[in-house]
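Sequence plus predicted model, see below.
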There are 2 protein chains.
Amino acid sequence: MSKAKSAYEEAGVNIDAQDEALARIKKMVAATATPGVLSETGSFGGLFRPEISGMTEPVLVASADGVGTKLMVAKMAGDYSTVGHDLVNHCVNDILVQGAVPLFFLDYVGTGVLEPEAMAQLVQGVASGCRENGCALLGGETAEMPGFYQPGDYELVGFVVGMVDRPALLDGSRIQPGDHLIGLRSSGLHTNGYSLARRVLFETLRLGIDDTVPGLDDGRSVGEHLLAVHRSYLVQIRPLLNFQELHGLAHITGGGLTDNLPRILPAGCGASIDLGSWQVPPLFQVLQQEGGVDRQEMFRVFNMGIGMVMVVDAGGVEEMRQALLAAGEHPVDLGRIVKAQNGGVTYGRGSDV
Amino acid sequence: MSKAKSAYEEAGVNIDAQDEALARIKKMVAATATPGVLSETGSFGGLFRPEISGMTEPVLVASADGVGTKLMVAKMAGDYSTVGHDLVNHCVNDILVQGAVPLFFLDYVGTGVLEPEAMAQLVQGVASGCRENGCALLGGETAEMPGFYQPGDYELVGFVVGMVDRPALLDGSRIQPGDHLIGLRSSGLHTNGYSLARRVLFETLRLGIDDTVPGLDDGRSVGEHLLAVHRSYLVQIRPLLNFQELHGLAHITGGGLTDNLPRILPAGCGASIDLGSWQVPPLFQVLQQEGGVDRQEMFRVFNMGIGMVMVVDAGGVEEMRQALLAAGEHPVDLGRIVKAQNGGVTYGRGSDV
C-alpha cells in the first residue's frame, strides 16, 4: 500500500489505526486465556474446548447484551475504560441465573472513526471483566462505520457462552409459596435507566459530569455515580449453585424488580416485596424526586439498589445468609413468594406484605 | 402503567412498541428452533444442548460480526429484510472455515426509537438466515438508545456458535505447496467495501438507489446490487468437510483475497492467484474505474467475485470439483499454493502465475 491516502481511507476507513489498536488488544486478550482456549487472536472463529468430564448432560447457555446509553456517559467523561467491564458482568449475571458458569465472551465495537486510545480502553474494560469472571475473551469484531456513528461514539455489544449440567439447571420450576427472596445489592444503576437518569441529571438539574449531586454527601461526582461498574454476582453465588434450597435467581436489569422477578416465577406464584427491608440508595431518590417519576415506574426502570434476587427455600435461608455474609455481602430479606392467581410483583411495607 | 406518557417514554424509550415488536419476533424465532433448543424466548439466557455423541473431543467455535455500512443502503432502500440474512450467512461462513457447523445464533439490534415494522424486518432476515443454515436463533437483545442512533438507523450485530470434533478441525496446517485454490463465487459485495462503494455510486456517480448502474446491462438497480444477500457456503461445503484432501478454507471478507488467504497459510507458503481464471463481475469493474481505485486496493477491499476459497490437495481436486458442480457451483481454478519465504498473495495472469 502506498503512503498516500488510499481511496478506502478517503472514504473514512483507517486500516492502519485498526492495526495499531489490534496489536494492543491482542495483549489484553491473551491475558484472559483459560485452559479451554485453543485459538489465537485473528483466526476466523475462536476455538474453545469445554471441560465436560463428569457432566451428565452439558447444556450451553448464551446471552447477548449491550450497555445502553451508559456509553454516552462514558463519552462525556472521556473515559471508556469501565463500560467493557459493565458489559461482561451484565452478560455473566444473565447466564448465572440459570445456573451457568461462563466459558467465553466475545465483543463487538462499532464506531465512526476508530481512535486507538478509546478502543484500547474499551477492550481493557472487557478484558478486566473477563479476568474477574474467569472467562476467556475468545474473539470479537471492530467495525468502522463512517457516517453511521457520531464522532466519539462507540457501540459496545457482548456475547457470553456458559455451561451448566442439565440436572443443575435453574429454571424457577421449584419456586413455591413461602420461599424467601434474598436481595443482593447493586453498585449503582448498573446498565439500566440511563436515558431517564441522564435527562434528570443533565437536563432538569443541569449538572456537569464532574459536579457532585445536590443532596448526596458522598463527595462522588455525577460521572463517578453513573459509571460505577455493574456488579458481577458470580463469585458470591457460584459456591451456592449446588444448594438444593436455591430455587431461582433473577438478574434485575431493564424492567426492574417488577418485570424481572416474574420471568422466573411458575404459574400461581407472585412475589411480595417489603419496601421497608432495605434503604433505596440516595441516588435513586434524587432521580425520583427531581424527575417527577412515580414509584411504580421507578421500580420498572431502575434496580433501586437490588441487582440480584435469590429465591430460597425457607429451610435454607439461614445457611445461605451466613454464606453470603462470609462472602462480604449484605443480603436483604426482601420478601416472600406468595400464592397469586395472576403472578407479578406486589410492593408493601412491613406488616402489609 | 397509566396510558399517559411515562417519564421513561418522554426520555425517548417506548416500552409498548418494544412489546409489540417482541410478540412478532417470538413467532419468527420459534420457526428456527432445532432439537437442541431447551429454552423459550424471554428467558435470561438461551439454552442449547449440543449433540456430542460420537465426538472424540467437541470444540466450540464462535464468531461475532456486523454487516457494516450495508445497513445504510438498507435504510436508503427502506428495506431492512435482507441484512439479517447477510449477517447470519457471514457468521456461519466464518466458523465453517474451521470445519464447524453452526449450532445457534444470537443477534443484537441497536436503534434510536424502535419502529416495530423495521424491527420485524430485521429479525425476519435473521430468522431466514438461521433456517437456511439449520441453526437456532437462540436469543438476542434489542436496545433503544435515543440520541445515540440517528432516526431510521439500526445497528445489527450477530454472534454464532458452532461445533467441530477436534480431529476434524481445519486450521490450515496441512496446506502445502502444490495445493490447488478453488474459488467459490460471491453474490455481490457480500458485506465488505460498502463505505467505498457508496461513495463511488452515490457521490461520484450521483446515482439514486433505484437507478440502474451505467455500463451494466443486467437491469438491476443500485439497491438490488448492493443488497444482494451474502452467500452462505455451508450447504455446498458441509458434505466435503470429511475429505482428507480439503486442507483449508478462507472466507473472503474485509481485507479481500490479499489479507484473508494468509490467515490460514502455514509458514513458508504463499498463494499465487491467476487473474485470468475468472471474470471479475462488472460491478467491481465499475467501482474500480469510477472510483479511481488501483487494482491492489480493489483486492484488499472487495471480494472481487470470490467469496470463499478452498485449499485442496492436488490429488483431490477433480473429485472436489465434481462434487461442487453437482451442488450447482461454478468453481474457479483460482491458483496454487507456492513456496514463499514471506507468505502472502501474489497476482499474475496465465503463465506468469
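Here it is on my side, so go on.

Spit out the contact partners of residue A:123.
Contact analysis of residue A:123 by CB atoms under 8 Å, 6 or more residues apart in numbering or on different chains lists A:24-25, A:28-29, A:84, A:107, A:109, A:140. All C-beta atoms are positioned from the backbone trio N, CA, C, and that covers glycine.

now do residue A:229
A:82, A:85-86, A:89, A:187.

Each with direction, which strands does the helix or strand residue A:106 falls within pair with?
Element membership of residue A:106 [criterion: DSSP states H and E] is strand A:101-111. Strand pairing for strand A:101-111, determined by DSSP bridges: strand A:136-144 (parallel), strand A:154-165 (antiparallel).

Dump those strands into JSON lines; add mean neighbour count and mean pLDDT as well.
Shown next, in JSON lines, are the strands paired with strand A:101-111 (neighbours: other CB atoms under 10 Å in any protein chain shown; pLDDT from 0 to 100):
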{"stretch": "strand A:136-144", "mean neighbour count": "24", "mean pLDDT": "92"}
{"stretch": "strand A:154-165", "mean neighbour count": "26", "mean pLDDT": "97"}
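
Put together a markdown table for the ones you listed, with distance to residue A:99 on each row.
Shown next, in a markdown table, are those (distance: least, CB to CB, whole Å):
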| stretch | distance to residue A:99 |
| --- | --- |
| strand A:136-144 | 20 |
| strand A:154-165 | 4 |
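
between the helix or strand just after the strand holding residue A:106 and strand A:136-144, how big is the angle?
Downstream of strand A:101-111, the first helix or strand assigned by DSSP H and E is helix A:116-133. If you take axes from the mean of the first three to the mean of the last three CA atoms, to 10 degrees, helix A:116-133 sits at 160 degrees to strand A:136-144.

Could you tell me how far helix A:116-133 lies from the centre of the chain?
15 Å (CA atoms, centre = their mean, to the nearest Å).

thinking again about what came up before, which pair in the contacts of residue A:123 has the greatest spatial separation?
The largest separation in the contacts of residue A:123, counting by CB to CB, is between A:24 and A:107 at 14.5 Å.

When the two are compared, which one has more neighbours?
residue A:107 (31 against 15; other CB atoms under 10 Å in any protein chain shown).

low-confidence ranges in the stretch 251-353 of chain A?
Low-confidence segments of the stretch 251-353 of chain A (pLDDT under 70): A:351-353.

go again using 50 as the cut-off
A:353 (pLDDT under 50).

per-residue pLDDT, the most centrally placed residue in chain A?
Centroid check for chain A by CA atoms, centre = their mean gives residue A:90 as the closest residue, at 1.8 Å. Note for residue A:90: predicted pLDDT of 98.

Tell me which residues touch it, please.
A:65, A:67, A:158, A:190-191, A:230, A:253.

Please apply the same query to residue A:131.
By CB under 8 Å, 6+ apart, the neighbours of residue A:131 are A:31-32.

and what of the one 4 residues further on?
By CB under 8 Å, 6+ apart, the contact set of residue A:135 is A:32, A:34, A:88, A:92, A:102-105, A:160, A:162.

Likewise for residue A:341?
residue A:268 are the contacts of residue A:341 under CB under 8 Å, 6+ apart.

Mind doing that once more with 10 Å?
Counting by CB atoms under 10 Å, 6 or more residues apart in numbering or on different chains, residue A:341 makes contact with A:267-268, A:270.

and it, how far is that from residue B:19?
Applying CB to CB, to the nearest Å, the value for residue A:341 to residue B:19 is 22 Å.

I'd like a version of the contacts of residue A:229 in a markdown table, one that adds secondary structure, neighbour count and distance to residue B:196 as further columns.
Converted to a markdown table, these look like this (DSSP: H, G, I helix; E, B strand; the rest coil; neighbours: other CB atoms under 10 Å in any protein chain shown; distance: CB to CB, whole Å):
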| residue | secondary structure | neighbour count | distance to residue B:196 |
| --- | --- | --- | --- |
| A:82 | coil | 23 | 35 |
| A:85 | helix | 23 | 35 |
| A:86 | helix | 30 | 34 |
| A:89 | helix | 26 | 38 |
| A:187 | coil | 15 | 44 |
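
Is it possible to get JSON lines of those that adds distance to residue A:306?
Listed next are the contacts of residue A:229 as JSON lines, based on distance: CB to CB, whole Å:
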{"residue": "A:82", "distance to residue A:306": "21"}
{"residue": "A:85", "distance to residue A:306": "20"}
{"residue": "A:86", "distance to residue A:306": "17"}
{"residue": "A:89", "distance to residue A:306": "16"}
{"residue": "A:187", "distance to residue A:306": "11"}
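
tell me the angle the host helix or strand of residue A:94 makes with helix A:116-133.
Here residue A:94 sits within helix A:83-96, counting by DSSP H and E. Comparing the axes of helix A:83-96 and helix A:116-133 via the same axes, to 10 degrees yields an angle of 30 degrees.

ok now helix A:83-96, how far from the chain's centre?
4 Å.

got it, and stretch A:258-275?
Counting by CA atoms, centre = their mean, stretch A:258-275 comes out at 20 Å from the chain centroid.
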